[in-house]
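1. sequence below, structure please.
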Amino acid sequence: MPTPDLLGCLDEFLDGHTRELINFRRDLHAHPEIAHTERRTTAKVAQRLRAAGLRPRLMSSGTGMWADVGTGDGPVVALRADLDALPIPDEKNVPYRSTVPNACHACGHDVHTSVLLGAGLFLAARADLGLLPGRVRLLFQPAEEVVEGALAAMGEGAITGVDRIFALHCDPRFEVGQIGLRTGPITGACDKIRVRVSGPGGHTARPHLTADLVYALGKIVTELPAALSRRVDPRSSLSLVWGRISAGLAPNAIPEDGFAAGTVRCLDEEAWHQAPDLLKGLVSSVASAYGVIAELDYVRGVPPAVNDGESVRILTEAAEQAIGPDAVAQAPQSLGGEDVAWYLESIPGALARLGIRGPRTPTDLDIHQANFDIDERAIGVGVRLLAASALIALSEGAAPEESGGPVSAETVVSTRGAA
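-> Numbering: from 1, shown residues only. Next up is the predicted model:
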């Protein structure tokens, strides 16, 4: 277990670094960079880590990196943060409002990055004193919002040799000082689908002489979600929701083609793997009944993020020791996608919810909103959680109960999905 003075050491560290971390977060917030463009953010983090004596390894794209704290052949624990912002405007009236048109840290990745930086600086100081029983990998990942960064980082060896991984995500449903935890699925799989239908076209006065394409498309749109609810265990929370439908130009002409596009989300990994074949069969069945040809384009996004029970126990102990005995709350499941799921398919780990709600937080605040902001006391809370979790995991040997194994080639054929 961590040494008894952990809480005091964290207090002392945060007394000296909280203002720096808040300013760091505000700088990132004012200069957001969307997926695959996070060069300034990467450079600023790398510069600060080098000043602390660490040796960051930049990813080949120039966006994202990782750095190891400590040396030796002991266990390795990874702490992960995401760097990218969202392509939406910042509508807050604050001094650190985004200076980049149509780019905003509306999901809290600037907070995640600052928290991980703080945890890394604290752990580096512990390592210098010989108080780190293993290594901690600080993983600053790009392109989470387009669910591509985790796979890119893994492809470059970001979790090679890592025994366990922890991450956190801002959550305005929780007050500052609260940590939302859950064993098992915490976020959902998120894939994209597009169904294109085609037929001979014709006059709306004579639908019986052709294929009524718009009607057929409407049946596909309405019947697929209903059919899924009867073909899959409802506990899987498999959900198909359409976001776009298009067909035709004239009110008296049956068009030759049309399409519908949407997202497929679920909490069960087995159902996620089955979904493409199941939907292909359902689309074909409905389309054939109305004489149209249907093509399904199914694009993988991310699997469900499944929290390992042992990792949740470590996070719970860390929160109770470093934040307070009442810090832990039950996190609800979300059908939003999070590409930390790719790491959790390969090694044990867990995603925690970081409370960011303060007394001035709007009651209807959610992530991905143009007015998103946090109570900045949450940064120190996040530092406490990640630093203590790493120390507990290392002191216990970071030994995983089971490993999910490497990601298969079949699973990652296409990853253009939306979270």
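
2. C-alpha only now, for contacts and for neighbours.
-> Will do.

3. go ahead and confirm residue 99 touches residue 33.
-> No - between residue 99 and residue 33 there is no contact under C-alpha atoms under 8 Å: 10.6 Å.

4. neighbour count for those two, which is higher?
-> residue 33 (24 against 14; other C-alpha atoms under 10 Å).

5. mind checking the SS state of the closest residue to residue 101 other than its chain neighbours?
-> Excluding the flanking residues, the one nearest residue 101 by C-alpha to C-alpha, 6 or more residues apart in numbering is residue 89, at 6.3 Å. Recorded secondary structure, residue 89: coil (DSSP: H, G, I helix; E, B strand; the rest coil).

6. what is the neighbour count of residue 89?
-> For residue 89, using other C-alpha under 10 Å, the count is 19.

7. report all helices and strands that the lengthiest helix in the chain contacts.
-> Determined from DSSP state H, the single longest helix within the chain is helix 6-30. Under the contact definition 3 or more C-alpha pairs under 8 Å, 6 or more residues apart in numbering; DSSP states H and E, helix 6-30 sits against helix 109-128, helix 309-322, helix 377-395.

8. just give me how far the first one sits from the chain centre.
-> Its chain's C-alpha centre and that of helix 109-128 lie 19 Å apart, by C-alpha atoms, centre = their mean, to the nearest Å.

9. residues of that helix that come out buried?
-> For helix 109-128, burial by neighbour count (16 or more other C-alpha atoms under 10 Å) applies to 109-127.

10. pLDDT (mean, whole number) over it?
-> Averaging pLDDT along helix 109-128 gives 97.

11. can you check the shortest one too?
-> Averaged over helix 309-322, pLDDT sits at 97.

12. same question, the last one
-> Helix 377-395 shows a mean pLDDT of 97 in the predicted model.

13. what angle separates it from helix 309-322?
-> 120 degrees (axes from the mean of the first three to the mean of the last three C-alpha atoms, to 10 degrees).

14. what packs against helix 377-395?
-> Checking 3+ C-alpha pairs under 8 Å, 6+ apart, helix 377-395 ends up next to helix 6-30, strand 76-82, helix 109-128, strand 164-175, helix 309-322, strand 349-357.

15. contact partners of the first one?
-> Residues outside helix 6-30 that contact it (C-alpha atoms under 8 Å, 6 or more residues apart in numbering) are 41, 96-100, 104-105, 110-111, 113-115, 117-118, 122, 321-322, 376, 379-380, 384, 388.

16. cool, and the last one?
-> Defining contact as C-alpha under 8 Å, 6+ apart, one finds that strand 349-357 is touched by 164-182, 186, 305-308, 311-312, 315, 331, 340, 343-344, 374-378, 382.

17. can you check the second one too?
-> In this structure, residues lying in contact with strand 76-82 by C-alpha under 8 Å, 6+ apart are 109, 112-113, 116, 134-144, 159, 161-168, 386, 390, 393-394, 398.

18. and the third one, by the same measure?
-> The contact list for helix 109-128, computed with C-alpha under 8 Å, 6+ apart, reads 10, 13, 17, 21-22, 24-26, 28-29, 45, 49, 52, 54, 69-70, 79-85, 132, 138, 140, 168-170, 379-380, 382-384, 386-387.

19. now that helix against helix 6-30, angle please.
-> Using the same axes, to 10 degrees: helix 109-128 against helix 6-30 is 140 degrees.

20. please apply the same query to the fifth one.
-> Between helix 309-322 and helix 6-30, the angle comes out at 100 degrees (the same axes, to 10 degrees).

21. which helices and strands sit right next to helix 309-322?
-> Partner elements for helix 309-322 (3+ C-alpha pairs under 8 Å, 6+ apart): helix 6-30, strand 179-181, strand 328-330, strand 349-357, helix 377-395.

22. any idea which of the ones you listed gets closest to residue 275?
-> strand 349-357 (24.5 Å; C-alpha to C-alpha).
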